[in-house]
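K.L.:
quick one, structure for this:
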Amino acid sequence: MIDFFRELNPVMQAFIGTLFTWGMTAAGAALVFFVKGTNQKFLDSMLAFAGGVMIAASYWSLLAPGIEMAEEQGVPAYIPAVVGFLLGGALLLVVDKLIPRLENKQYMYGIGSSDARKRTTLLVFSVTLHNIPEGLAIGVAFGALANGFTESALAGAVALAIGIGIQNFPEGLAVSMPLHRDGMSKKKSFFYGQFSGMVEPISAVIGALAVIFIQPILPYALSFAAGAMIFVVAKEIIPGSQEKGNVELASISLMIGFAVMMTLDVALG
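P.N.:
Numbering: from 1, shown residues only. The predicted model follows:
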């Protein structure tokens, strides 16, 4: 099996690698099926946990690698970090303003309140956006093998895919549980949770095919996704998790989510 994978085209290797990351996202999202009842404290804690996961991922999975890539390219590291981060927040601000118009067209998810629908849209959009540069990063790692194959380079690309896949498990949960909290059915919550990871195989193939062109803009893309995630956490996730009065529980849950994602990101490098 290992020899078969080694002999594949780098584009196919990237696609297979991100099928794993997508599967891990779906596995995390599937935990929503094992939740019984609608205990408000538990659901609020899960929403806050999602916020903690997103904050940690925004730095260790996105900003830090983007800064490192910029330094390797000889670019002042703060430029792509600041520009991308602020543009990501600006995009989500625009999306936030557009959501009421989209709601009027009744395309939304069948969730009760307007606040819940807005939070749902921003959450799914931001986590999906976050997964695009991760897929690109995997694609770039495998695509680079075409320019100089080494066993260590292949091992590094595989390790990257495995690491991102493991990190995606709590991210899938971080999407599906808040959606269920806001009134969405378990099937729909799972669908949108796993959908957030579906973009990774697509972006990985693009990254592998266009590795030469993607690398210079990847630091901006990573920072862009980080800005989008922080905007959602600050505007929707934290206030939403505390709106029912479970402030201390939500605060603790956010810190636990942050610690879990930080541990995964740091341990998996």
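K.L.:
quick one: buried residues of stretch 120-134?
P.N.:
For stretch 120-134, burial by neighbour count (16 or more other CB atoms under 10 Å) applies to 120-134. In short, each C-beta sits where N, CA and C put it, glycine included.
K.L.:
skipping its backbone neighbours, what lies nearest residue 266 in space?
P.N.:
Nearest residue to residue 266, sequence neighbours excluded (CB to CB, 6 or more residues apart in numbering): residue 60, at 6.5 Å.
K.L.:
following element in sequence after whatever helix or strand residue 26 lives in, please.
P.N.:
Using DSSP states H and E, the element containing residue 26 is helix 10-29. Next helix or strand after helix 10-29 toward the C-terminus (DSSP H and E): helix 40-56.
K.L.:
that next one vs helix 10-29, what angle?
P.N.:
150 degrees (axes from the mean of the first three to the mean of the last three CA atoms, to 10 degrees).
K.L.:
report the distance from stretch 208-223 to the chain centre.
P.N.:
Distance of stretch 208-223 from its chain centroid, counting by CA atoms, centre = their mean, to the nearest Å, is 17 Å.
K.L.:
extract the CA atoms of it and return them as PDB.
P.N.:
Presented in PDB, the C-alpha positions along stretch 208-223 are these (Å, rounded to 0.1, in the frame of the first residue of the first chain):
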ATOM      1  CA  ALA A 208      -0.800  20.800  -6.200                       C
ATOM      2  CA  LEU A 209      -1.500  21.900  -9.800                       C
ATOM      3  CA  ALA A 210      -0.500  25.500  -9.200                       C
ATOM      4  CA  VAL A 211       2.100  25.100  -6.500                       C
ATOM      5  CA  ILE A 212       4.500  27.700  -8.100                       C
ATOM      6  CA  PHE A 213       1.800  30.300  -8.200                       C
ATOM      7  CA  ILE A 214       0.100  29.500  -4.900                       C
ATOM      8  CA  GLN A 215       3.100  29.600  -2.600                       C
ATOM      9  CA  PRO A 216       3.600  33.400  -2.700                       C
ATOM     10  CA  ILE A 217      -0.100  34.100  -1.800                       C
ATOM     11  CA  LEU A 218      -0.500  31.300   0.800                       C
ATOM     12  CA  PRO A 219       0.600  33.500   3.800                       C
ATOM     13  CA  TYR A 220      -2.100  36.000   2.800                       C
ATOM     14  CA  ALA A 221      -4.700  33.200   2.500                       C
ATOM     15  CA  LEU A 222      -3.800  31.700   5.900                       C
ATOM     16  CA  SER A 223      -4.000  35.100   7.600                       C
END
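K.L.:
what is the mean pLDDT for it?
P.N.:
For stretch 208-223, mean pLDDT is 78.
K.L.:
now do the buried residues in that stretch.
P.N.:
208-209, 211, 214-215, 218-223.
K.L.:
likewise for stretch 5-24?
P.N.:
Those would be 10-11, 13-24, for stretch 5-24 by 16+ other CB under 10 Å.
K.L.:
now do the contacts for the residue nearest to residue 266.
P.N.:
By CB atoms under 8 Å, 6 or more residues apart in numbering, residue 60 lies in contact with 261-262, 265-266.
K.L.:
among those residues, find the lowest-pLDDT one for me.
P.N.:
Within the contacts of residue 60, residue 265 has the lowest pLDDT, namely 76.
K.L.:
I'd say residue 231 and residue 89 touch.
P.N.:
Yes: using CB atoms under 8 Å, residue 231 makes contact with residue 89 at a distance of 4.2 Å.
K.L.:
of these two, who's got more company?
P.N.:
Shown here are residue 231 and residue 89; by other CB atoms under 10 Å, residue 231 has more neighbours (23 against 20).
K.L.:
tell me the contacts of that one?
P.N.:
Applying CB under 8 Å, 6+ apart, we find residue 231 in contact with 88-89, 92-93, 122, 126.
K.L.:
what strand or helix carries the residue lying closest to residue 207 once chain neighbours are set aside?
P.N.:
Counting by CB to CB, 6+ apart, the nearest residue to residue 207 once its immediate chain neighbours are dropped is residue 139, at 2.4 Å. Element membership for residue 139 (DSSP H and E) is helix 114-143.
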